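Peer 1: Pasting the sequence and the predicted coordinates here, then a few questions.
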Amino acid sequence: MPIIINVDVMLAKRKMQSQELAEKIGITQANLSILKTGKAKALRLSTLESICKILDCQPGDLLEYVKD
């Protein structure tokens with residue numbers, strides 16, 4: 001998939017665990033895992049906003065486009 005979601009990178013920079021982020025943004029850890037592994041087909045803007053708010057980052061810090 002040409003869009004890469006770098007949630008793990010930001011979690012490491014913020015020294016936060018996936019479970020803590022999932023709880024704070026109100027999604028299951030399983031859904032966060034799907035997002036992190038790139039298996040998600042869609043991402044709600046409200047979820048992206050929540051992740052950015054909690055991790056104190058910009059959407060561009062989380063999303064990366066890579067040509068096939």
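Peer 2: Received it, and whenever you're ready, just let me know what you need.
Peer 1: Next secondary structure after the helix or strand containing residue 52?
Peer 2: Using DSSP states H and E, residue 52 falls within helix 45-55. Scanning forward in sequence from helix 45-55 by DSSP H and E, the next helix or strand is helix 59-62.
Peer 1: This structure: strands as residue ranges?
Peer 2: 3-5, 63-65 (DSSP state E).
Peer 1: shouldn't residue 5 be in contact with residue 39?
Peer 2: No - contact criterion C-beta atoms under 8 Å: residue 5 and residue 39 do not qualify, at 10.0 Å. Glycine gets a C-beta too; all of them are placed from N, C-alpha and C.
Peer 1: Look at those two and report which has more neighbours.
Peer 2: For the pair residue 5 and residue 39, the greater number of neighbours falls to residue 5 (21 against 10), based on other C-beta atoms under 10 Å.
Peer 1: Report pLDDT for the more buried one.
Peer 2: At residue 5, the pLDDT value in this model is 93.
Peer 1: OK, contacts around it?
Peer 2: 35-36, 38, 40, 43, 62-64 (C-beta atoms under 8 Å, 6 or more residues apart in numbering).
Peer 1: Could you check how many residues crowd around residue 7?
Peer 2: By other C-beta under 10 Å, neighbour count at residue 7 equals 20.
Peer 1: can you count the residues close to the residue nearest to it when sequence neighbours are not counted?
Peer 2: Spatial nearest neighbour of residue 7, chain neighbours left out: residue 36 (4.9 Å); criterion: C-beta to C-beta, 6 or more residues apart in numbering. Per other C-beta under 10 Å, the neighbour tally for residue 36 reads 17.
Peer 1: what sits against residue 36?
Peer 2: Residue 36 is in contact with 5, 7-8, 18, counting by C-beta under 8 Å, 6+ apart.
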